[in-house]
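Undergrad: got a predicted structure plus its sequence, pasted below:
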Amino acid sequence: KNIVILISGRGSNMEALIGARDRGDLPVNIAAVISNRPDAKGLEIAAAAGIATRCLDHKAYAGRDAFDAALAACIDEFAPDLVVLAGFMRILTPDFVRHYEGRLLNIHPSLLPSFPGLHTHQRALDEGVRIHGCTVHFVTAELDHGPVVIQAAVPVLDGDDEASLAARVLGQEHQVYPQAVRWFAEGRLSLADGRVRVAGEAA
Ligand code: GRF
C-alpha cells in the first residue's frame with residue numbers, strides 16, 4: 001500500500017513509521033512526506049531517509065479552502081491508499097475530509113473523547129486524571145472526534161509535569177501508530193457506517 005504522511009513539525013511519529021518500515025514491520029511504500037511549514041524538522045529527516053518531500057506553506061494561500069484544495073492535489077499526485085496525519089497542525093475543511101473518507105488517520109495525544117484540541121497533557125494534569133494516553137482515529141469533519149482505531153493508556157504519576165507526561169504518552173504514540181497503519185496495510189482495518197472494524201480481532 002501507498003501512504004502519504006502529513007507533518008507540521010518535529011516528525012517523531014513519522015520517524016516511528018519510517019523505522020517500522022525499515023525493520024520490515026510495516027509493509028507500506030511511504031510515497032511522500034508533506035509539511036505545511038517549511039521549517040518542519042521532520043522534512044529533513046524524511047529527505048535523509050530518501051523519501052520525497054513537499055512543502056505547501058498555508059500562509060501562501062488565500063484561505064482554508066484554497067489551501068486544502070492545493071494540499072489534496074499535492075497528495076493525490078502520489079495516489080495514496082492512506083493519508084497519515086502525524087502532528088499536522090491544521091484544521092481540515094469538510095470537503096477535504098470527505099475526499100479522504102475512510103483513508104485518513106490522525107493521532108491525538110489524549111484518550112479521546114477526553115481532551116480534544118490543544119495542550120492535552122497540561123489539561124490532563126489540571127483535571128487530576130490518573131490515566132492518560134493517545135488515540136489513533138479516522139478523521140471526520142469534527143475536530144478530534146473520529147471513530148477510534150487504537151488507544152494506549154499511560155499512568156499519570158505523582159510529580160509528573162507536562163514534559164514528563166508528554167514523553168510517556170509519546171512513547172506509546174510511537175507504538176500504536178505503526179500498529180494502526182500495519183492493520184490498514186494488511187487490509188484488516190476498515191470503516192463502515194462510521195464504525196471501525198479490525199479484521200482478525202475478537203469481536
Ligand atoms: C504528537 O503528540 C501527536 O499526537 C500530536 O502532535 C504531536 C506530533 O509530534 N498530534 P511529532 O511531530 O510526531 O513528533
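TA: Structure's in. What do you need? Numbering: from 1, shown residues only.
Undergrad: for the record, mean pLDDT for the longest helix seen in the chain?
TA: For the chain, the helix with the greatest residue count under DSSP state H is helix 162-185. Mean per-residue pLDDT for helix 162-185: 98.
Undergrad: which residues touch it?
TA: 1, 3, 12-13, 16-17, 19-20, 25-28, 81-82, 84, 86, 105, 107, 109, 121-122, 124-125, 132-134, 136, 149-154, 156-157, 160, 189, 198 (CB atoms under 8 Å, 6 or more residues apart in numbering). Any C-beta I mention is one placed from the backbone N, CA and C, and that applies to glycine too.
Undergrad: 7 Å instead?
TA: By CB atoms under 7 Å, 6 or more residues apart in numbering, the surrounding residues in contact with helix 162-185 are 1, 3, 12-13, 16-17, 20, 25-28, 82, 84, 105, 107, 109, 121-122, 124-125, 132-134, 136, 149-150, 152, 154, 156, 189, 198.
Undergrad: now the helices: where do they sit in this structure?
TA: Under DSSP H, the chain gives helices at 12-22, 41-48, 64-76, 94-99, 120-127, 162-185.
Undergrad: among those helices, which is nearest residue 35?
TA: In terms of CB to CB, the element of these nearest to residue 35 is helix 41-48, at 5.2 Å.
Undergrad: would you mind writing the CA trace of the closest one as PDB?
TA: Provided in PDB are the C-alpha atoms of helix 41-48 (Å, rounded to 0.1, in the frame of the first residue of the first chain):
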ATOM      1  CA  LYS A  41      12.300  19.300  11.300                       C
ATOM      2  CA  GLY A  42      10.600  16.200  10.000                       C
ATOM      3  CA  LEU A  43      11.200  17.300   6.400                       C
ATOM      4  CA  GLU A  44      14.900  16.900   6.800                       C
ATOM      5  CA  ILE A  45      14.500  13.500   8.500                       C
ATOM      6  CA  ALA A  46      12.300  12.300   5.600                       C
ATOM      7  CA  ALA A  47      14.600  13.600   2.900                       C
ATOM      8  CA  ALA A  48      17.600  12.000   4.700                       C
END
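Undergrad: now the angle between helix 12-22 and that helix, please.
TA: Computed by axes from the mean of the first three to the mean of the last three CA atoms, to 10 degrees, the angle separating helix 41-48 from helix 12-22 equals 20 degrees.
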